[in-house]
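Undergrad: got a predicted structure plus its sequence, pasted below:
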Amino acid sequence: MPNRREFIRSSLLGLPLLASDPRPVQPASEAYSKPLVVSTWDSGIRANAAAWKVLARNGRALDAVEQAAQSAEDEVSCCVGLQANPDRDGKVTLDASIMDEHSNCGGVAFVQRIKHPISVARKLMETSPHVLLVGDGAEQFAVENGFTRERDKLSDTARQAWIEWLKKSRYRPVVNIENQKPRRNTPVTPKSLSNGKPNHDTMGTIALDRDGNLSGACTTSGMAFKVHGRVGDSPVIGAGLFVDNEVGAATSSGVGEEVIRICGSHLIIELMRMGQSPERACGEAIRRIVKRDPENARSFQVGFIAIAKSGEIGAFSIQKEFTYSVTNASTNRVFESKSFF
């Protein structure tokens, strides 16, 4: 049995203990008891903690994933919200999407100066006939619905990173999060997970509530130093996020252009509908990305996570060291997914 001597924090509302080994090998397929929440990356532990406050009170999965995304957007070290790295013109632009158990969905893209784009996406989903708003129109919609425009100012860390990037002005993504891995048998806490230097810019969260309903959310600042106006997969329903309450939910992290090309999250759900496990479906989506350009695929990362209606979880990535965080009443830990390479 794993060492579970360390408590997270009492404020995390009864979360189970976090295992001392943060990255065990992905377990064999098994169904987790509901309620259940899964997020991308090590930092998903913090997002899950926010979601668990809702799920532990028998709340709705939709509310849980929104809280998870908001938590990521607030986290200075998570590289998702307004504290994240800018595009090549020095502007932080944000994308987000959300989807519930009734196939209601909303997304916003290329949003500036709005702290919680995930909540703007939910407002769009619940108050309009539209699915996706972008740029100035999305910001106008946010302000008209009570969201506040924040100051247009880079964090000190992001400004320094941008200045360094400008010296060469070349985009070359690093494959994975550049974390300081804790030593084996060293307890992991939310604080210790923020000591590294994450280069990924997406938080995807999917949840199954006590009533057996699924929802998902995805929020991002996109590629650091991207071309101004670039939008990836995160706000695109069927690419970065998809939920079908009869089957499951899936989300992604990594190079969004590659996910869009295969409509990744929708593909995974359709494969699950045809009987594949979440892990196998995620693996097939990765295989299709790699098959398109096998040599180039060695230079970037894409990872998928999925939950089946039964509570079974799966994940798969192109490269090693794609991690995901799982939380329910008895589990609160980070796993490393299987990978193509």
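TA: Okay, I see it.

Undergrad: any chance you could map the helices in the chain?
TA: 44-55, 61-74, 117-127, 135-144, 156-166, 256-262, 264-273, 278-292 (DSSP state H).

Undergrad: tell me the pLDDT of Pro16.
TA: The per-residue pLDDT reported for Pro16 equals 60.

Undergrad: whoops, I mixed them up, Cys79
TA: We have a pLDDT of 74 for Cys79.

Undergrad: follow-up on the earlier one: including mean neighbour count, mean pLDDT and distance to Gln319, could the helices of the chain go into JSON lines?
TA: All C-beta spots, glycine's among them, are computed from the backbone N, C-alpha and C. As requested, the helices of the chain are arranged in JSON lines below (neighbours: other CB atoms under 10 Å; pLDDT from 0 to 100; distance: least, CB to CB, whole Å):
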{"stretch": "helix 44-55", "mean neighbour count": "27", "mean pLDDT": "97", "distance to Gln319": "18"}
{"stretch": "helix 61-74", "mean neighbour count": "27", "mean pLDDT": "97", "distance to Gln319": "22"}
{"stretch": "helix 117-127", "mean neighbour count": "24", "mean pLDDT": "98", "distance to Gln319": "27"}
{"stretch": "helix 135-144", "mean neighbour count": "16", "mean pLDDT": "98", "distance to Gln319": "32"}
{"stretch": "helix 156-166", "mean neighbour count": "14", "mean pLDDT": "90", "distance to Gln319": "22"}
{"stretch": "helix 256-262", "mean neighbour count": "21", "mean pLDDT": "97", "distance to Gln319": "12"}
{"stretch": "helix 264-273", "mean neighbour count": "23", "mean pLDDT": "98", "distance to Gln319": "16"}
{"stretch": "helix 278-292", "mean neighbour count": "20", "mean pLDDT": "98", "distance to Gln319": "10"}
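
Undergrad: dump the ones you listed to a markdown table, plus distance to Asn332.
TA: Below are the helices of the chain laid out as a markdown table (distance: least, CB to CB, whole Å):
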| stretch | distance to Asn332 |
| --- | --- |
| helix 44-55 | 7 |
| helix 61-74 | 14 |
| helix 117-127 | 22 |
| helix 135-144 | 33 |
| helix 156-166 | 28 |
| helix 256-262 | 27 |
| helix 264-273 | 24 |
| helix 278-292 | 19 |
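
Undergrad: between those, which gets nearest to Phe110?
TA: helix 135-144 (4.5 Å; CB to CB).

Undergrad: can I get the closest one in PDB? Just the C-alpha atoms.
TA: Only the C-alpha atoms of helix 135-144 are listed here, as PDB (Å, rounded to 0.1, in the frame of the first residue of the first chain):
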ATOM      1  CA  GLY A 135     -11.700  38.400 -29.300                       C
ATOM      2  CA  ASP A 136     -13.300  41.800 -28.700                       C
ATOM      3  CA  GLY A 137     -16.800  40.300 -29.000                       C
ATOM      4  CA  ALA A 138     -16.000  37.800 -26.200                       C
ATOM      5  CA  GLU A 139     -14.600  40.500 -24.000                       C
ATOM      6  CA  GLN A 140     -17.700  42.700 -24.700                       C
ATOM      7  CA  PHE A 141     -20.000  39.900 -23.800                       C
ATOM      8  CA  ALA A 142     -18.000  39.300 -20.500                       C
ATOM      9  CA  VAL A 143     -18.300  43.000 -19.500                       C
ATOM     10  CA  GLU A 144     -22.000  43.200 -20.400                       C
END
